[in-house]
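Enquirer: Using only what follows, build the 3D model:
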Amino acid sequence: MWRRRRVVQTLRDPSEPFDPRVDAVELRLDFCPEADVGRFAATCGKPVVATVRRARDGGRWDAGEEGRRALFRRAAAAAFVDVELDAAEDLAPEGPRRVVSVHDTAGVPEDLDGLFQRCLLRGADVVKIAATPCSAAEAFRLLDLPTPGLGMGSFGAFTRVLAPWTYCAREPVAPGMPTPEDLLDLYDVRRLGPAPALYGVAGDPIEHSESPHLWNPFLAREGMDAV
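Expert: Predicted structure coming up:
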């Protein structure tokens, strides 16, 4: 049975405001290693995803795995922890559910299905595969996964609207990351079914186009499962 998309807002710091409409918040401990995850989880009113993203995966952490292990131990009160597929199995504490993730900042891996299966075998409650397509055709490969992946950069921007577990931020922490207003207002992702009809315009440059602002309200008014 289809369940509506989950929108997760990424925070660099626990004091950063978040949109009350989001389903969860991701606390990026690679930006704020001194944060008190337990206190934040107890007071924010949303499920918390604790993440310590390595520099090679697009994050800021470059102090080694023992340091990451210590941060994850302090994040035991989080609802989820995000650990990379190739990280040590004992990196994060037992208790929180697992987001098992893959990040490719240079392209789109060939064996996406194999990566997806390996994430499941690592005990993933949520599989997150984020890659960097160099064309729309490559970005569509990410949508062919059992739970669609996330395309980083301009070519993958539309995948962030369609993914069932998708991220946003006030200031992007990954290329092409939308704002909460983009996902919840402009694209209204929660009204969309699992495979809505897709419409777009082609051009170069194209990111300045007002087409989404003009057409999405019309599609919603007409009750069309389209974006």
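Enquirer: Distance-wise, check the residue nearest the centre of the chain relative to residue 183.
Expert: With distances taken as C-alpha atoms, centre = their mean, the chain has residue 167 as the residue nearest its mean C-alpha position (3.6 Å). Using C-beta to C-beta, to the nearest Å, one obtains 9 Å as the distance from residue 167 to residue 183. From N, CA and C alone the C-beta is placed, and that goes for glycine too.
Enquirer: May I have the strand or helix carrying the residue nearest to the centre of the chain as PDB, with CA atoms only?
Expert: Residue 167 is located in strand 165-168, with elements delineated by DSSP states H and E. This file holds the C-alpha atoms of strand 165-168, laid out as PDB (Å, rounded to 0.1, in the frame of the first residue of the first chain):
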ATOM      1  CA  TRP A 165      12.100   9.600   1.600                       C
ATOM      2  CA  THR A 166      13.300  13.000   0.500                       C
ATOM      3  CA  TYR A 167      15.400  15.800   2.000                       C
ATOM      4  CA  CYS A 168      15.200  19.600   2.200                       C
END
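Enquirer: Counting by contacts, list what it packs against.
Expert: In terms of contacts (3 or more C-beta pairs under 8 Å, 6 or more residues apart in numbering; DSSP states H and E), strand 165-168 is packed against strand 6-11, helix 159-162.
Enquirer: Please repeat the previous calculation with a cut-off of 6 Å.
Expert: Here strand 165-168 touches strand 6-11, going by 3 or more C-beta pairs under 6 Å, 6 or more residues apart in numbering; DSSP states H and E.
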